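> With the input below, show me the fold.
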Amino acid sequence: MPPKPKSPAKGKKGKLSKAEKERLKKEEAERKLQEEEEARLKAEQEERERLERERLEREERERIEAAESQRHCAEVAELKSILEGNKNALYNMHEQRRSKAKWDRYMQCSGSPDPTIAPEINTYINLWKEDTQKSGIDVVLEESKQTLALIAELEFLIEDMPEEKCDESMVERYRETIVELQNLLTIKLDEATCILLKDASSMADSETGNLQLVKSNPVINMMLWGNLTKNPRFKSFEFEEQHFIFELPKQLALTDIAIRIIHTKYDHFSHLCRTFWPKKKKKPQTPPEEDVHGMEEKMDEGQGAAGESEEKEDGEKEGGEEEVEEKAEEPTEEKENAEDKGDENGEGAETSATQKEGEPGEGDGDAVVEEEDEEDEDELDDLDDEDTVDMRAYQVLGGVVHFDLLCLPPQPKQVKSWLMTQVTMDELKRVPYAADSNKLGLSLSGNMTMTMGQTLDPKAVANAAAAAEALGAPPVGVTLKLPDNVLFSEEPQMAYWSHDRKQWRLDGFVDVKFDEESRMLSFKTVNFGPLACIQDKHINMPFQSWELRPIGADHARFTIIAAIIEAEIEIKGPLCCFKQTADSDFRSELDDIRGKWMEPRELIKVLKNTGVNLFPEDDSKKYVSISEKDPDVENGLYQQMALTASHFAYSWSKWNTESGTERIILQGCEKLEDDIPLDPQPEGEEERKEEWALLMVSRERAMKLKMTEYEEEFSDVHAEGSQFHADLYHMVNDLSTEPGLERMRNSHYRFVDAVYQMLAATRVIAYS
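As a prediction, the model looks like this:
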């Protein structure tokens, strides 16, 4: 078949002419130009709107800042007046209390000396020291109550001394008296022990034939064991009621020795440590005004005369400096000689150590002495080893156990009708257990110094014990029960007191075991003398969160969620009460202090001694990672929080750690009823968002932020409708209702002071 003819129009279908292509291209270009124009106009409109919005915000901010600047001085003056009024009221109240206490002390007819009057306290010390009739153990234990009361009275007077009337020479005299009383108590306990050991055979136990004696009072518990039988099969002895067990090696079981254990609730050693006191800060010395004016006058003179005078002055200054250095070296050498003599005598060593650690003495060279002390401390830092306990980082808990190895004096012998007694010196003799204590300490510890919670390798322990036994002094086993009223948050760590170095040390302890349920602690050691358990001061720091919530008029609840414990402190009027939160683990060790009302300063001291240390010190930032803030702003914030604590609640904020050192951020809301503003349940989250506001405080101003705690990014934009204020106090006034302001105005100054003391002592702003 022939091919079909092609349609003339089919081959040209779908093709555009050149004119049509030009037209479409032109339309597309016009459309793009129109879209670009519309986008440009839209962007210009948005830019105009943005600029207008920024202008309005800037004008609003300028208006607020202008209004703030107008009332800033008035707000600062008002706050200062309120704080000054409370300060004066507190000062007058404390002065009246001190005057009344002084009068009551003067009128006291108990026969107790006044420790602040040197003749009275010196007479008391000398009379008791020389009175041999008062050396019996029962008399000593009874008299020790008065001695410890005098020490506590002096310590309270030092703490209670106002800064305005702080007399350094008086404080130093009080501290010297405290050391003298502590040494006197030690001497009398030794004398009483010596009397008991001389007549040990008459008090021997009928079953064992050895001396087994226990004497105690509420503060001192003395246990005495005398080896009268020298039984080679003897291994250990237990004071059952006191829960104390010791194990003796065979070398000691065959000798005339006695074991004395004195468990005291007080610690008379730690304050003798060089690391117990914070290091002094060097103060920059400015030249006298006369020297400055003299230099200016000389500079105005001719250059030639000035050159001659400068040469003369340089020569005089060099000679003067040499004379000053020679004069400064003389007392330093005398001081070193005095310390060397003091090391030979126990009392003198303790007294010299206390004087060295106390405040600078009298004289014109105080600044030079301070600098020399600091240089000595820096040099001693290099000499300290890893076994030295830093008392700035650790504290003694549960008192001190004096574990002494004593010489048993010859006992009276009955010969027919005669009682023959060998005359010996009336002095308690301690038995040196090791020929070379340094070698023994190294053999027992070596590289096995334990840190908190660390356990030792059993093979290493066995090797160390074998090495110690080879040196002739195998370790002595000790098992004791820790006090039931002391909280150990981690496994206790043992330390012994080195009289030569005046420090607590960790070496010489092996095979340390602790049963948490029975609270029994066992270990082996070659160290005789004062022993103690230590714990990290900052184990509960930094805090996880905190909250200050009002309960009623002059009534608030302060909650701290620390690293280990959850503490709740109720503040009512001038008194405070420790409690635990409902969700926290119940600790029976805190039963003695839970629910007892006391003043803030007393509560802080009791909590520290119990093992609940929530109170950082000035140098605690060396041991804890904190959100350091401007100290003046932080302290001022605590004062203002205390002023408003009756009606306004505060809580921690996660943004505080990211706001730098100059700004402090916290949450706040008004609470007039005793409810729980912090609802941990998810259904209470929205309500909390509405209740709580973020507050930012700096040295310049305080303001409410627009953002909330739950935002993802931080913004310092202030909340709409809010105003800038000079301080937190006036910002809270602006956010409060009239009933809340009325309650705040009626707050008692002693309640305000109690809240401030707890906030300033815990420093929750920086340590959370």
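> Residue 577: how many residues sit nearby?
17 (other CB atoms under 10 Å). To be clear about C-beta, it is placed using only N, CA and C from the backbone, and glycine gets the same treatment.
> List the residues that contact it.
Contacts for residue 577 were tallied using CB atoms under 8 Å, 6 or more residues apart in numbering; they are 569-571, 595-598, 603.
> again, but for residue 610
By CB under 8 Å, 6+ apart, the contact set of residue 610 is 485-487, 589-590, 592-593.
> TSV for these, including pLDDT and secondary structure?
Below are the contacts of residue 610 laid out as TSV (pLDDT from 0 to 100; DSSP: H, G, I helix; E, B strand; the rest coil):
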residue	pLDDT	secondary structure
485	91	coil
486	93	coil
487	92	coil
589	88	helix
590	89	helix
592	90	coil
593	91	coil
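> Report the buried members of the residues you listed.
485-487, 589-590, 593 (16 or more other CB atoms under 10 Å).
> Return the subset of the contacts of residue 577 lying in helices.
Of those, the ones assigned to helices by DSSP state H are residue 603.
> wait, which of the contacts of residue 577 is closest to residue 698?
Closest approach to residue 698 among the contacts of residue 577 (CB to CB): residue 571, at 27.3 Å.
> what's the burial count for the closest one?
Residue 571, neighbours per other CB under 10 Å, totals 25.
> Which residues belonging to stretch 713-720 are considered buried?
For stretch 713-720, the neighbour count (16+ other CB under 10 Å) marks 718-719 as buried.
> For that stretch, which outside residues touch it?
So stretch 713-720 is contacted by 61, 64, 655, 658-659, 663, 693, 696, 703-707, 724 (CB under 8 Å, 6+ apart).
> give me that answer again for 10 Å
Identification of contacts with stretch 713-720 by CB atoms under 10 Å, 6 or more residues apart in numbering yields 57, 60-61, 64, 654-655, 658-659, 663, 665, 693-696, 698, 701, 703-708, 724, 735.
> Give me the ChimeraX select line for the residues you listed, limited to the buried ones.
Buried subset of the contacts of stretch 713-720, written as a ChimeraX selection, criterion 16+ other CB under 10 Å:
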select :64,655,659,663,665,693,694,695,696,698,701,703,704,705,707,724,735
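> what's the neighbour count on residue 81?
Neighbours of residue 81 under the rule other CB under 10 Å: 10.
> Among the contacts of residue 577, which one has the most neighbours?
residue 571 (25 neighbours).
> Who does it form a beta bridge with?
residue 556, residue 576 (DSSP bridges).
> dump the residue contacts of it.
Per CB under 10 Å, 6+ apart, neighbours of residue 571: 548, 550-551, 554-558, 577, 600, 603, 642, 645, 751, 754-755, 757-758.
> what's the closest of the contacts of residue 610 to residue 19?
When these are ranked by distance to residue 19 (CB to CB), residue 487 comes first, at 97.8 Å.
> Now do the end-to-end distance for stretch 709-716.
12 Å (CA to CA, to the nearest Å).
> and it, average pLDDT?
In this model, stretch 709-716 has a mean pLDDT of 87.
> ok now it, how far from the chain's centre?
Remark: stretch 709-716 is offset 33 Å from the chain centroid, using CA atoms, centre = their mean, to the nearest Å.
> and residue 747, how far is that from residue 574?
12 Å (CB to CB, to the nearest Å).
> Residue 480 - that's part of a strand, no?
Yes - secondary structure assignment places residue 480 in a strand (DSSP: H, G, I helix; E, B strand; the rest coil).
> separation between it and residue 493?
Distance of residue 480 to residue 493, computed by CB to CB: 14 Å.
> got the contact list for the closest residue to residue 388 other than its chain neighbours?
Nearest residue to residue 388, sequence neighbours excluded (CB to CB, 6 or more residues apart in numbering): residue 503, at 5.4 Å. Taking CB under 10 Å, 6+ apart, we find residue 503 in contact with 269-270, 272-276, 380, 384, 387-391, 495-497.
> how about the helices in the stretch 551-700 of the chain?
For the stretch 551-700 of the chain, the helices defined by DSSP state H, counting those that start in this stretch cover 600-610, 631-643, 685-691.
> what's the answer for the stretch 1-150 of the chain, then?
18-107, 118-130, 137-160.
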